[in-house]
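1. Show me the folded form of this:
(chains A and B)
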Number of protein chains: 2
Amino acid sequence: MAHETAIDDLSAILGQRLSRSKSDLELHGRSETHFPLSPPDAVAYPENAEDVVQIVQTCAAHRTPIIGWGTGTSLEGQAQAVHGGVSVDFSRMNRVLEVNQEDLTVRVQPGVTRESLNEELRATGLFFPVDPGANASLGGMASTRASGTTAVRYGTMRDNVLGLEVVTAAGEVIRTGTAARKTSAGYDLTALFVGSEGTLGLITELTLRLHGIPEATAAAVCAFERVPDAVACVIDTIQMGVPMARIELMDVESVKAVNAYSGSDLPHRPHLLLEFHGTETGVEEQASLFGEIADQRGASDFNWATRAEDRTALWTMRHHAYWAILAARPGAKAVVTDVCVPISRLAEAIEACRADLEEAGIDGPILGHVGDGNFHAILMFDPDDEAEKARVLAASERLVDLALSMGGTVTGEHGIGLGKLGYMTREHGGGWALMSAIKTAFDPLNIMNPGKLVPPRN
Amino acid sequence: MAHETAIDDLSAILGQRLSRSKSDLELHGRSETHFPLSPPDAVAYPENAEDVVQIVQTCAAHRTPIIGWGTGTSLEGQAQAVHGGVSVDFSRMNRVLEVNQEDLTVRVQPGVTRESLNEELRATGLFFPVDPGANASLGGMASTRASGTTAVRYGTMRDNVLGLEVVTAAGEVIRTGTAARKTSAGYDLTALFVGSEGTLGLITELTLRLHGIPEATAAAVCAFERVPDAVACVIDTIQMGVPMARIELMDVESVKAVNAYSGSDLPHRPHLLLEFHGTETGVEEQASLFGEIADQRGASDFNWATRAEDRTALWTMRHHAYWAILAARPGAKAVVTDVCVPISRLAEAIEACRADLEEAGIDGPILGHVGDGNFHAILMFDPDDEAEKARVLAASERLVDLALSMGGTVTGEHGIGLGKLGYMTREHGGGWALMSAIKTAFDPLNIMNPGKLVPPRN
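-> The predicted model follows:
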């Protein structure tokens, strides 16, 4: 096995904090979606930045790959050990270090999950808004530049990470950003590490922006005759400047799947799922304005969730949609598309996607964060049917090309990983070579998550 | 003179678009603040990206420095040709290329100024919010990561640049970002170029986010007994989540200067200048909430500007404050400090600064974007009095150390240029070496604004 020496050295340093058990290796080699098992040679469980420094220095000495691991919920195979090496599992670095209520910031270790952070914040009147659905780790969310249902109002991880502590590929600890709300002091290293998928260094601490829990919150679902009506309603709402906290689409197939999975009884029509945040008056005003817009687009079956537990049920249903859709076809795997287009092209993009999937005979419920122009088609296939998988991947690629032709991006929030690497030249042209130059400058030995994000080295 | 060959070659290519007139060279070598004249060897006036490519390729062939120039309003000497070379003046690349009303975006050339953009947008119901005071070019604002009075609500250039066209140091045209509202497709090159002060490439086009002109706007001034009362009011307001569009502080000395300069008659007390954006109801609600908070801090002399022309007069007065302060001491130059601290430390920082200046006997009116924790002391000195200049620079440095000790930054919005270069290690530690690695990777010949932002090369 490769990397044996590094792992022996690490074992001497980390003791019980290094695992080579088969189950651990398999767990850290699996993918949430359809990528084949790629286990690492060992799994390290650092308890502090000093452990991470030792791991990086030891691996660097033997050119052994290092792959960060949060909760394993990435969808593009970001954390798979395609060249073996050491998976660095941050689950033991899971402390909330300091809540600063006056500055609306918090310092956390990377293994803290978004749900546990919000649990810890409960008494403060503050919350961390970024919500990708999965109970992901904050280090992983930063590394993927994750977003989700609330990005339309609160932004993505790009907007909510103020600063980082990072162990570089040279095994040095650096800090990026400050505790101030803005800075013009040189290159934006924070923004560079956010979304870098562990290819430039390992995040060992994050300073995050928090937001006040709004005085009033209201959530609702409503149904439309056709997907284009729902999307037109979204576009109108965004263009009118209604500060939606969430505005999510589910098509008929998604609705059927969540009904079956979550026991809901939504009518079999396309739905929008909504949330409004503000003062009592502000929420009323927003809801009323949205209601007018929705009326014009023929919305019906409004169902309001004003009690906290009803809202929780609503968003839990939404968050489980991926599993609900997979459950509708037992044994299936899925390619989850993630294009994001300018909102003016959203209706056209969804319709073209829908028509393409129908023509190709692919099961592909559509849902997504339509307020951002971001939607997902869950393209299911039988993992034992290579021909079907190829058809699904071809459809995904056609959708990528469509989004790029509209000025959009191949990934709104899931990142590159293994699944989108082949599209980087199409999206970035010469910019991809600049990314490669950054990678080489930061990680000349190519030990940080090799095989991801930048062009493979010879 | 150095760089003669490059300039001869460029002259053949650009003809009248290259100037060597003494007045042009001096104009492009001067600083808005206190830095000594550093003229370039020539000034190029590109009319399109192709011109810029030719300029970069020609200069690269002869290792001649290239310095971008917008409107010359940077405050830290960013655009000064400290190693000679060619100043690239973008004033002829001043077209608004495409307003996309549905997507709330606009594509502009870098020489468009923020005022001319908003003039052009007037009929659309949209506006570009970032407002550093000076009528700066958008290319310059992006390069400096500028912000200003509205950042507390609308963010900085970091938040409002969606994508860029850049001519790299190799003379290649690349595009960063997309027209979609978010993306997770690899390293955030847009964020890397924003704030890079022309050291990584030249911006030849920007895609910017626009915002709907709010249904209602109200502005006001109010006075406080003491600066700490005003600052406490700001902190309370931000922590209460009131979505202020602007919240600015002027101390007594600033108030006296703007009264004399702008003909206003504000009482000789510290003031907050405010603006509220929203629906009619929302603005009323915000103003009422702010009023309650301000009352508790002893605010008085509320003066509301509801007519558009009164608001314009108010913000013009604020924007001219720097000139008003300089005018109060004819012949003086100024070091303009720009620290930004966590808002919980703002009162303490301003008080410590005030006490320090008094003890040092320095004229230093204080004003700033206090909603962000960012404030400026305008430290005046007689340019012929080296001892006074040294005292002022020492005071500026003490303030920098204070801000860093509070978890803040040496520059909230003015950038590094020449004035803050000496503090980069203190702020970034090992992170500065990573910036240097990026610079070397992007610009191995060190021709893009050499002597700025990263450690000087031997």
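2. Could you use CA atoms for every contact and neighbour count after this?
-> Noted.
3. Just the buried positions in the helix ranked longest in chain A, please.
-> Using DSSP state H, we find that the single longest helix of chain A is helix A:386-405. Neighbour-count burial for helix A:386-405 flags A:388-389, A:391-393, A:395-397, A:399-404 (criterion: 16 or more other C-alpha atoms under 10 Å in any protein chain shown).
4. cool, stretch A:414-422 as well?
-> In stretch A:414-422, counting by 16+ other C-alpha under 10 Å, buried: A:His414, A:Gly415, A:Ile416, A:Gly417, A:Leu418, A:Gly419, A:Lys420, A:Leu421.
5. pretty sure A:His3 is touching A:Ile66, no?
-> No: counting by C-alpha atoms under 8 Å, A:His3 sits too far from A:Ile66 to count as a contact (10.9 Å).
6. what residues are shared contacts of these two?
-> Residues touching both A:His3 and A:Ile66 (C-alpha atoms under 8 Å, 6 or more residues apart in numbering or on different chains) are A:Gly85.
7. Settle it for me: which of the two has more neighbours?
-> A:Ile66 (32 against 17; other C-alpha atoms under 10 Å in any protein chain shown).
8. for that one, what are its contacts?
-> A:Ile66 touches A:Val56, A:Cys59, A:Gly85, A:Val86, A:Ser87, A:Val88, A:Ile447, A:Met448, A:Asn449, counting by C-alpha under 8 Å, 6+ apart.
9. Neighbour-wise, which one of the residues you listed leads?
-> Ranking these using other C-alpha under 10 Å puts A:Val86 first, with 32 neighbours.
10. hmm, who's touching the helix or strand encompassing A:Ala294?
-> Here A:Ala294, judged by DSSP states H and E, is contained in helix A:280-296. The contact list for helix A:280-296, computed with C-alpha under 8 Å, 6+ apart, reads A:215-218, A:233, A:236-237, A:242-244, A:276-277, B:281-282.
11. How about stretch A:53-62?
-> Under C-alpha under 8 Å, 6+ apart, the answer for stretch A:53-62 is A:3, A:5-6, A:9-10, A:13, A:44, A:65-66, A:167, A:169-173, A:445, A:447.
12. returning to what we had before: and which of the contacts of A:Ile66 is nearest chain B?
-> For the contacts of A:Ile66, the residue nearest chain B by C-alpha to the nearest C-alpha is A:Asn449; the value is 13.5 Å.
13. burial count for the closest residue to A:Val336 other than its chain neighbours?
-> Nearest non-adjacent residue to A:Val336, counting by C-alpha to C-alpha, 6 or more residues apart in numbering or on different chains: A:Ile378, 4.7 Å away. Residues near A:Ile378, counting by other C-alpha under 10 Å, number 25.
14. Give the helix, strand or coil label for A:Ile378.
-> Under DSSP: H, G, I helix; E, B strand; the rest coil, A:Ile378 falls in the strand class.
15. So it is in contact with A:Ala334, correct?
-> Yes: counting by C-alpha under 8 Å, A:Ile378 does reach A:Ala334; the two are 6.0 Å apart.
16. how deep is the residue of the stretch 251-400 of chain A found nearest chain B tucked in, by neighbour count?
-> Nearest residue of the stretch 251-400 of chain A to chain B, counting by C-alpha to the nearest C-alpha: A:Pro342, 4.4 Å away. By other C-alpha under 10 Å, the residues close to A:Pro342 number 25.
17. In terms of pLDDT, where does the residue nearest to it when sequence neighbours are not counted sit?
-> Nearest residue to A:Pro342 in three dimensions, chain neighbours excluded: B:Ala180, at 4.4 Å (C-alpha to C-alpha, 6+ apart). On pLDDT, B:Ala180 comes in at 96.
18. Let me know whether my guess that B:Ala180 is in a strand holds.
-> No: with three-state DSSP as the criterion, B:Ala180 is coil rather than part of a strand.
19. Show me the strands in the stretch 1-150 of chain A, by range?
-> For the stretch 1-150 of chain A, applying DSSP state E, counting those that start in this stretch gives strands covering A:18-19, A:42-44, A:66-69, A:86-89, A:96-100, A:105-108, A:126-127.
20. need these in JSON lines with mean pLDDT, can you?
-> Below are the strands of the stretch 1-150 of chain A laid out as JSON lines (pLDDT from 0 to 100):
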{"stretch": "strand A:18-19", "mean pLDDT": "98"}
{"stretch": "strand A:42-44", "mean pLDDT": "98"}
{"stretch": "strand A:66-69", "mean pLDDT": "98"}
{"stretch": "strand A:86-89", "mean pLDDT": "98"}
{"stretch": "strand A:96-100", "mean pLDDT": "97"}
{"stretch": "strand A:105-108", "mean pLDDT": "98"}
{"stretch": "strand A:126-127", "mean pLDDT": "96"}
